[in-house]
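>>> structure for this input, please:
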Amino acid sequence: MSDKSAVPIIVIAERPDNVEAINSTLRNAGHPVHCTHIPDVGDLGDALTQINPELLLVFSEDINTSLEQLDDIRNAYASGVPILDVRDEVNEDAIALAMRRGAQDIVSLRHRDRLQWVCGRELRAFRLERALNRTLASATEYKRALNAFMEGSTDAIAHVQEGIVVDSNPAWLELFGYPDAEAIDGMPLMDFFDADNHAAMKGALVACGQGKWSDHDLKIQGLCSDGSALSLNLQLDEAEYDGEPCVRVSIRAGAEENREPDERITEVATRDPLTGLLHRQQFLTELETAVAEPAKGGVRALAYVTPDKFRAIKNKVGPLASEDVIVKLASTLQELAGPDDLVGRFGGTMFAILLARGTERDVEEWADSLCARVRKLTFEGGGKSISVSCTIGVAPVGSAGNSISDLVALADAANEKGREEGGDKVVVHKVDLTSATSTKAKDAVWIKLIKSALMENRLHLVHQPIASLQSQEKDMYDVVVRMKDPRGNEILPGDFLPAAQRNGLMKTLDRWIINAAVQFCASRRASRVFVRISSDSIADNGLAKWVAQLVKNAKLPTSVICFQVPEDVAAENMLPTQELAQQLGEFGFSFAIEHFGMSTNAGRLLEQLTMDYIKIDGSLMQGLASNELKQAKVRSLVEMARAREVQTIAERVEDANTMAVLWQLGVQCVQGYYVQEPEVVLEDLAL
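The predicted model follows:
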């Protein structure tokens, strides 16, 4: 064990003698420091995690890494640790510049007295802030512990330090099937959970240890001592154990016992007893209700899921063991289901789920992730081990008009087609393209509706907050336009924007949206609002100058607006996109590429375009928590962006598990329904 009284400090320097100079200078001032030398910035992330330093000193003149990049790494792994820039000369201008780039101050070995005083000041400030945070956390922890005691809580609780379970209560031992505390002494927390959940667990532990995880439940597959699995919801909180910081992991108990008798009767009447999912009739009733309601946004689809070659499985392992396949498939469906999804068992081996996602691509990615998860499942029965696969048929809501029976029939037919082709695949029912004449006739209706909405002020914005994981930015929003028909019914952009695009109305709509976004900034005091522009506006040479005057008239800084362009649109219009990004940058606006990472030339876009943000495509979020290939792809996108000092935002984040993994992967911000549903902006604006 290391000396607990030593003050851990990291010194980034090329020469070891600089490290020794810092060490001797601070020790001469009475600071019992322990300096760790990091000559390669690539090792800084791991060092920050392992050492938990109280101060970071950087000889910036000797390394090839900017203070901004060091600040990003510090924020990603040990937010709050002060950075001091060590240089030969110290002056007011240099100090101001260093502070803007993330340092607390500049010090010099030529002025050792000042170096000692500044280091002492920063160490005291860091400790005071840490003590305050721990005091606040301790007060909250005491209240929770008292309430748990008063209520006679039987929650399963474990305390974790550095990934190791250091304490657990009897309920935890009972839940996971261990005889006593000695049986799990020194056991890694990850050993209690399925490997597919490890990335989410690690991310949540890191976030919680930094005080940035609150009221987020993780959906996890627990592993009992006998190898059986449990579907669990975990809560993580900051706590203390034996006087040292730790993370408390708890699993609530007693939900079944605390329910009223009428609730239990309803449960029996509406749910399948084997899987706990809605039974067929109840699912169809709730499906009809859900489909009748207008969509909040995005797309909806019905997925029909069946295990492949189930009769052969049943013959191999027997009827009783084959039920485990049904139970485990149901559990996997529940684990991957989103908060707004509806899941049911249709009887026998058939399952159905109503999916609510951002795009059709998100739906297909989710279905592919489910197939991949099911392939990993193994079952034991009759002394035999088997694996299983599944086939998924998907029918978009709306593809069968308003008929629920036709929607189910289309999903079933797509599933049957997949099974006929050998199974273990996703088949999506494709709606036949309408004729050019029909499209023209429908567009005429949309054009009239769009023009009247512009004239009668029936357009409005909705905004969705962008939450910070590791960035220091706050009050950021993404805005989207919506329209109301003459009866007041809301129309989603996916319904009317394609017609506007085909008929030359996008420049007019873009300018309306920009104008409304500027007024939103003025009224809401947002720090940054992300506004989409179309390919028509990309080619608009007067756009940058026009919006600069608009922002100036509103007495706002141009930095409040970030214009965003889809990746495919930017790639297809590279030259005008480059020119627009440059013009906007000259006026001080920010620029972003959304839906980033789906093309093969994503890296080339980063090289050729000047941008401030990338928004990682939401389809990569589907199944991210358990998909190592997707995690690797997101990590590579983050690293490419970080190398160019471009900030990262993940799109369409829908659950805590995904957010936890994104934290571990270094993504700086997130947006999506898990953060908050879109809200109406400036409903009464007359523009």
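
>>> where does the protein have its least confident helix or strand?
Ranked by mean pLDDT, DSSP states H and E, the weakest helix or strand in the chain is helix 261-270, scoring a mean of 58.

>>> name the element residue 674 belongs to?
According to DSSP states H and E, residue 674 maps onto no helix or strand at all.

>>> what sits against it?
Residue 674 makes contact with 339, 653, 654, 655, 656, 658, 659 under the criterion CB atoms under 8 Å, 6 or more residues apart in numbering. Quick note: C-beta positions are derived from backbone N, CA and C, even for glycine.

>>> top of those residues by number of neighbours, please.
Neighbour counts for those peak at residue 659, which has 28 neighbours (criterion: other CB atoms under 10 Å).

>>> pretty sure that residue is in a helix, no?
Yes - assignment of residue 659 by DSSP: H, G, I helix; E, B strand; the rest coil places it within a helix.

>>> begin at 281 from here
Taking 281 as the first residue, the last one we looked at is residue 939.

>>> isn't it right up against residue 933?
Yes - at 5.6 Å, residue 939 and residue 933 qualify as touching, with contact defined as CB atoms under 8 Å.

>>> backbone phi and psi for residue 818, please?
phi -60, psi -40 (degrees, to the nearest 10).

>>> report how many residues lie close to it.
With other CB under 10 Å as criterion, residue 818 counts 22.

>>> same question for residue 390.
11.

>>> distance of it from residue 301?
11 Å (CB to CB, to the nearest Å).

>>> try residue 619
55 Å.

>>> once you drop chain neighbours, what's closest to residue 676?
Nearest residue to residue 676, sequence neighbours excluded (CB to CB, 6 or more residues apart in numbering): residue 581, at 4.8 Å.

>>> longest strand in this structure, please.
strand 509-521 (DSSP state E).

>>> give me the sheet partners of the next helix or strand after that strand and which way each runs.
Sequence order places strand 524-531 as the next helix or strand after strand 509-521, per DSSP H and E. If you go by DSSP bridges, strand 524-531 pairs up with strand 436-441 (antiparallel), strand 509-521 (antiparallel).

>>> can you give me the strands for the stretch 831-967 of the chain?
With strands called from DSSP state E, counting those that start in this stretch, the stretch 831-967 of the chain shows them at 841-846, 870-876, 893-896, 927-930, 949-950, 959-961.

>>> how about residue 462, what does it touch?
Applying CB under 8 Å, 6+ apart to residue 462 gives no contacts.

>>> for it, helix, strand, or coil?
Residue 462 ends up helix, using three-state DSSP.

>>> roughly how far apart are it and residue 917?
Note on residue 462: its distance to residue 917, by CB to CB, is 45 Å.

>>> neighbours around the residue found closest to residue 508 once you drop the neighbours it is linked to in the chain, how many?
Leaving aside its chain neighbours, residue 508 sits nearest to residue 457 (8.0 Å; criterion: CB to CB, 6+ apart). Using other CB under 10 Å, residue 457 has 14 neighbouring residues.
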